[in-house]
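*Asks:* structure of the sequence below:
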Amino acid sequence: MLKRSLSYLKQSGVRYAHSIHPPADTARDVASAERMPAHNLAKTVVYFGDNGFGMVVLPSDCAADFAEIRRLLGLKDLRLATETELSEVFPECELGAMPPFGNLFDMPVLMDEGLAASEFIAFNAGTHRDAIHMSVADFHLLVNPLVASFAVKEAAIPTH
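*Replies:* Next up is the predicted model:
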């Protein structure tokens with residue numbers, strides 16, 4: 001998936017940076033490893049709804065409001081994709097490290113407006129060690145996400 005993502009960006013003529021950090025399982029850990037604010041790191045959440053799978057992209061320090069996403073997308077049913085489904089749909093990715101390129105997987109992408117307003121974003125590139133940094137403007141051109149407000153700020157997790 002990493003090679004596929006980098007090749008896609010290169011073929012699209014998009015400027016990006018690829019960085020490698022120590023393994024990080026959570027989006028907050030990735031932000032820390034990348035030495036960047038958690039709010040600027042995008043996490044990809046995959047859902048299953050009436051029309052199949054889709055992606056929501058939001059700041060890593062936020063949670064997805066599924067009731068609001070269901071309302072925004074006009075869906076009757078919506079739930080988080082299971083780990084088994086994720087491993088079947090994204091066999092080239094480490095679990096939880098899918099890049100937010102829904103267009104490469106024929107999935108719609110919903111992006112939170114807080115992240116969409118940023119100048120740059122970073123996100124996992126298929127592994128828990130690789131990150132891609134790029135401009136939000138280029139992300140919009142490539143992915144054409146629907147932008148709306150659905151992220152809820154998570155309480156800071158105590159570190160003691």
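*Asks:* for the residue nearest the centre of the chain, what is the enclosing helix or strand?
*Replies:* With distances taken as CA atoms, centre = their mean, the residue of the chain nearest its centroid is T44 (2.5 Å). Using DSSP states H and E, T44 sits within strand 42-49.
*Asks:* between the very next helix or strand once past that strand and strand 42-49, how big is the angle?
*Replies:* Next along the chain after strand 42-49, taking DSSP H and E as the criterion, comes strand 52-59. Taking axes from the mean of the first three to the mean of the last three CA atoms, to 10 degrees, one finds that strand 52-59 is oriented at 150 degrees with respect to strand 42-49.
*Asks:* quick one: contacts of the helix or strand immediately after strand 52-59 in the chain?
*Replies:* Next along the chain after strand 52-59, taking DSSP H and E as the criterion, comes strand 62-64. Residues outside strand 62-64 that contact it (CB atoms under 8 Å, 6 or more residues apart in numbering) are 39, 45, 56, 58, 112, 114, 150-154. (Glycine included, C-beta is placed from N, CA and C.)
*Asks:* and strand 62-64, average pLDDT?
*Replies:* Computed over strand 62-64, the mean pLDDT rounds to 93.
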